[in-house]
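Chemist: Below are the sequence and a predicted model for it; my questions follow.
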Amino acid sequence: MCRCVLYDGQMTGAVAVVPGERRLAGDGWSMHAERVEVLGAGGWRALIGIRRGLMLLVTGTGRAAELEVEAWAGEPGQSDGVAVVDMGNAGLRIALVPLCGCGERGCGNAGVQLDKPLAARELPALAALLRELPWGDVIPTRSNVLRGGDLAALPPSSTGTRGGR
Ligand SMILES: [Zn+2]
């Protein structure tokens, strides 16, 4: 019996991964993945191409509807990380995280790169948002990047009501 589909059809908000079809599917949505890896214990990892120069590495567990999402310019760990920068009145921009002077990719990315837990049902909205944001000519730092829950709270497009400002 094939156990490849890590989704029992009951868990609302969970994600099904279909490695043979390189596809992620949730409640009412489906996304193409560049590749899908099935990990142990019901876990999986998928690389999703959002737009030119922006990939999302999405990691899921078999039990939770919460995902871990990281943004990269290309191949995870080998390309620059991507951050979402809050430019204040100018709005949000996506920007590359430069390689730290020490040469450690993770060092420069820590606390700067878009790297956050996300409810599975919010993945399509995050992907849609990242597809629309302009690239910014700005160096992401810990003080200007949008962090954690803020990003999940953003509307998927410009039609939203962010913060009522
Ligand atoms: Zn460093």
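Modeler: That came through, no problem.
Chemist: ok, now how distant is the closest residue to Trp29 other than its chain neighbours from Met31?
Modeler: For Trp29, ignoring the flanking residues on the chain, the nearest one in space by CB to CB, 6 or more residues apart in numbering is Pro124 at 4.6 Å. The way it works is simple: take the backbone N, C-alpha and C, and place the C-beta from them, glycine included. The span separating Pro124 from Met31 equals 7 Å under the rule CB to CB, to the nearest Å.
Chemist: Give me the more crowded residue out of these two.
Modeler: Comparing Pro124 with Met31 by neighbour count (other CB atoms under 10 Å), the higher total belongs to Met31, at 19 against 16.
Chemist: give me the element that one is part of.
Modeler: For Met31, the element it lies in under DSSP states H and E is strand 29-32.
Chemist: what are the pairing partners of that strand, and which direction each?
Modeler: The strands beside strand 29-32 in its sheet (DSSP bridges) come out as strand 23-26 (antiparallel).
Chemist: what's the offset of the strand it pairs with from the middle of its chain?
Modeler: 14 Å (CA atoms, centre = their mean, to the nearest Å).
Chemist: Need the pLDDT of the residue most central in space within the chain.
Modeler: Among the residues of the chain, Val69 comes closest to the average C-alpha position under CA atoms, centre = their mean, at 3.8 Å. Per-residue confidence at Val69 stands at 94 (pLDDT).
Chemist: next one: the one 3 residues further on
Modeler: At Trp72 the predicted local confidence, pLDDT, stands at 98.
Chemist: residue contacts, it?
Modeler: If a contact means CB atoms under 8 Å, 6 or more residues apart in numbering, then Trp72 has Leu54, Met55, Leu56, Leu57, Ser79, Asp80, Gly81, Val82 as its contacts.
Chemist: Next: Gly53.
Modeler: Under the criterion of CB under 8 Å, 6+ apart, the neighbours of Gly53 are Ala73, Gly74, Val82, Trp135.
Chemist: quick one: which of those is nearest Ala120?
Modeler: Val82 (20.7 Å; CB to CB).
Chemist: Could you verify that Thr59 is part of a strand?
Modeler: Yes. Thr59 forms part of a strand when assessed by DSSP: H, G, I helix; E, B strand; the rest coil.
Chemist: isn't it right up against Leu47?
Modeler: No. Here Thr59 does not reach Leu47: they are 10.3 Å apart, not a contact under CB atoms under 8 Å.
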